[in-house]
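[1] Any chance you could fold what I've pasted below:
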Amino acid sequence: MAKFNGRLEVLALSAVHQHPDNIREDLGDLTQLSGEIKSLGLLNPLLVYPHPDREGDYIVQDGNRRRAAAAQAGLTDVPCVVLPEPTEERGARADIETMLTTGRNHRPLSEAEVSKGIQGLLDLGMDITTVGKKFKMSRKEVQTRAKVAQKDDGVSKAYSAGRLRLDAVQRLQELEEQSDIPELYERTVERIEDMANGASIDTVERVIAETELSIKKSLRVAELKDLDAKEGDYEISYSNAWTAVEDKMTDAEHVAAGHKYRFNYRDPEPIWYVKAKKVKPELTEAEKQEKQTQNKLKSMLPIVQRSRIAFVKNAFETVKPSEVVAKEAIAKKITTQVLYSEEGRTILGEVVGLKVPDLDDMSSAYVLLDRWNTEVHKHLIRQSMAYLGVMLAFADHLGTEETLGKLSGFERSGFENGNYSSRWISSHAYYSFLTEHLGYQLDLDEKLAMEYSAMNEPRRNRELDLVPLPDEVTATCTGCKQEVVADSKWAGLCHGCPDADEDEDE
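    Alright, predicted model coming up:
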């Protein structure tokens, strides 16, 4: 155990000074803490060490808020744990580490204050990996915090004011470093700075997308002006005197053909219009308004979609999954898969111990089925995640069970080597699940059925055999001349071979 070198003393409050480099920029409202100290005294001593420039005075390493609250409460003496004077090499770094640790345990530091502390440690020589391990941050988070603490731009100011979260700052830093679109970063930051309530990561993604479209549109407008292209008026999109050009043409070809262009709402590419050959009835004002709304939504919904996908990605990376939600989702999937399969319901009911009700009376069938489904759902969500996972996989195979009550369920095919989904492929998957995950052992008659069906189809895919065919040999069909694998008693003709059919007819 590490040796503790501090000693407990009661010191004059006037001799105890706030740390000059305290990373906490705002001590916050001290009213409640001051009231508690006034009633109960300062129960938690301040952590101090000798002042380097004032003989007999001390600097607070931990407890700057308590010191200020004690002064507000009227205390003249305060209990302190006095530490030895720190070494030059270790002192400043130890102070910041203490502020970051205790400051985040009591009244939380602001994000900007944490970042200020992180940058301070890096400035004092602590490497990024060590900082990350000490304060449970990824390397990327440490780099982001350090970078935002170094700058005094719009992003840093919005972050310090609490109007941007760290993930949003990180995204903007990536944009500044990686974007090859001129002014995209600067114009994005300008828009975000004007948002009084700040911007979430989703809002930042949306602003980036909108700003990118706006810049691209501006560039395209400049290109068209250089070609002396004619812009159509507001109503060209709705006027029956003009129709959109469907052919793929260059800008120069459009200009030469006398076409006019018009941009939809924030769309970076123009739509070209040509004079209509036949004039259709003019649209009413209501129809024009509807067209305008449609065009705006068509332009904006892809942007919203990108923002939504970014949110989902971020959520799966940061939000702690709820096992309750997972169980609900898996249970719903299982019951949905078997709800309209009589055999599936029967087997699932047997497994969970909830017999399916008699559904002969159609007038009450749906009500009874819904009640049964609800009870099965309740039963499932009480089980473990492992149980539910196996049950979900099992539910995929329930439709196969009905076919295995007949010999046809074991029927093999010569197309098992291709993409053809034969009956046996489903049966094989079902048996594999039962044996691998539930410990099932094949019955003697099941093995005989598999052998019988395999013997009747020498062209089958032998990798799908669950039992070996006894006494296998390689031979050539006397009818279709294909090389096949069969047993030594094979008659010489493939199952389904035309010559075999002729022999059967005779």
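[2] all helices in the stretch 51-200 of the chain, in order from the N-terminus.
    64-72, 91-105, 111-123, 128-134, 139-150, 154-160, 166-178, 184-193 (DSSP state H, counting those that start in this stretch).
[3] highest average neighbour count across the ones you listed?
    The highest average neighbour count among those, using mean count of other Cβ atoms under 10 Å, belongs to helix 111-123 at a mean of 22. Using the backbone N, CA and C atoms, a C-beta is placed for each residue, glycine as well.
[4] how many neighbours does P20 have?
    7 (other Cβ atoms under 10 Å).
[5] got a pLDDT number for the closest residue to it other than its chain neighbours?
    Nearest non-adjacent residue to P20, counting by Cβ to Cβ, 6 or more residues apart in numbering: I59, 7.5 Å away. Looking at I59, its pLDDT is 89.
[6] re the thing from before, pipe the helices of the stretch 51-200 of the chain into CSV and attach distance to F394 per row.
    Listed next are those as CSV, based on distance: least, Cβ to Cβ, whole Å:
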stretch, distance to F394
helix 64-72, 58
helix 91-105, 47
helix 111-123, 48
helix 128-134, 43
helix 139-150, 41
helix 154-160, 51
helix 166-178, 40
helix 184-193, 51
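[7] comparing those helices, which gets the lowest mean pLDDT score?
    Across the helices of the stretch 51-200 of the chain, helix 91-105 gives the lowest mean pLDDT, at a mean of 60.
[8] Could you give the number of residues near S299?
    17.
[9] Who are the contact partners of it?
    By Cβ atoms under 8 Å, 6 or more residues apart in numbering, the residues touching S299 are N264, Y265, R266, D267.
[10] how about the residues you listed in CSV, adding neighbour count, secondary structure and distance to K248?
    As requested, the contacts of S299 are arranged in CSV below (neighbours: other Cβ atoms under 10 Å; DSSP: H, G, I helix; E, B strand; the rest coil; distance: Cβ to Cβ, whole Å):
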residue, neighbour count, secondary structure, distance to K248
N264, 17, coil, 18
Y265, 13, coil, 23
R266, 17, coil, 23
D267, 19, coil, 17
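[11] Show me which pair in the residues you listed is furthest apart.
    For the contacts of S299, the farthest-apart pair by Cβ to Cβ is N264 and R266; their separation is 7.5 Å.
[12] just to revisit the earlier point, for the residue nearest to P20, which residues are in contact?
    Contacts of I59 by Cβ under 8 Å, 6+ apart are V16, H17, H19, P20, V48, Y49, P50, H51, P52.
[13] Just to check, the last one is in contact with E85?
    This means P52. Yes: using Cβ atoms under 8 Å, P52 is in contact with E85, at 7.3 Å.
[14] Show me the protein divided up by domain.
    7-156, 218-318, 323-396, 400-505 (automatic domain parsing).
[15] Distance to E186 added to those domains, as JSON lines?
    Shown next, in JSON lines, are the domains of the chain (distance: least, Cβ to Cβ, whole Å):
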{"stretch": "domain 7-156", "distance to E186": "9"}
{"stretch": "domain 218-318", "distance to E186": "14"}
{"stretch": "domain 323-396", "distance to E186": "41"}
{"stretch": "domain 400-505", "distance to E186": "54"}
